[in-house]
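Asks: Let's see this in three dimensions:
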Amino acid sequence: MAKKQIKETDSVAATQHRSKRRSAAQPPAAGDQPGPLSSDQKRDARSKIHPKAGGGATSGGGISTDRVGNASNPVRRTNTKRATLIELLERPEGASVEEIGNQLGWLPHTVRAAISGLRQSGHSLSRNKVEDGGGSRYRITLSESADA
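Replies: Just a heads-up that it's a prediction; the model follows:
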């Protein structure tokens, strides 16, 4: 009979332990849950996680005004790799794949992909072969529609 009492005691303790685990896993009561966040609260939460997310000059509506442009006067970001690529290609002598790769830390296939992306976005590019076997030099040229 002593063995039975030990087993019953063990099973009672195990049952209590299981019920504690279940209660810890259950979500809080409906009154304890916070409501949906407003857009300002979301932006504040993002800026705490990612400091740049809420940065920049903002107007009253929370719209960043430091990069605002319009169709006739677009604003270019100057601190990006794409902007650096465009600057290199706008030089009168243009740039080679090797020069661009060294400047931006890119491999040749990445440079060629970026040049292809510029073409797809509407830039007019020319490629001139170098006589001494130095590869090709790429340069942004004015498109015919811009001259007209």
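Asks: tell me which residues of stretch 91-110 are tucked away?
Replies: By neighbour count with 16 or more other Cβ atoms under 10 Å, stretch 91-110 contains the buried residues G94, A95, S96, V97, E99, I100, G101, W106. Just so you know, the C-beta spots here come from the backbone N, C-alpha and C atoms, and that holds for glycine as well.
Asks: what separates the closest residue to H123 other than its chain neighbours from D44, distance-wise?
Replies: Distance criterion Cβ to Cβ, 6 or more residues apart in numbering; nearest residue to H123, sequence neighbours excluded, is I140 at 5.6 Å. Distance, I140 to D44, by Cβ to Cβ, to the nearest Å: 41 Å.
Asks: Specify which member of the buried residues of stretch 91-110 is nearest to H123.
Replies: Relative to H123, the closest of these is G94; by Cβ to Cβ it sits at 12.5 Å.
Asks: if I pick that closest one, what's in contact with it?
Replies: Neighbour list for G94: L88, S126, N128, R137, Y138, R139, I140 [criterion: Cβ atoms under 8 Å, 6 or more residues apart in numbering].
Asks: hey, where'd the strands end up in the chain?
Replies: Listed in chain order, the strands of the chain (DSSP state E) span 95-96, 124-129, 136-141.
Asks: So which of these is nearest R77?
Replies: If we rank the strands of the chain by Cβ to Cβ, the stretch that ends up nearest is strand 136-141, at 17.1 Å.
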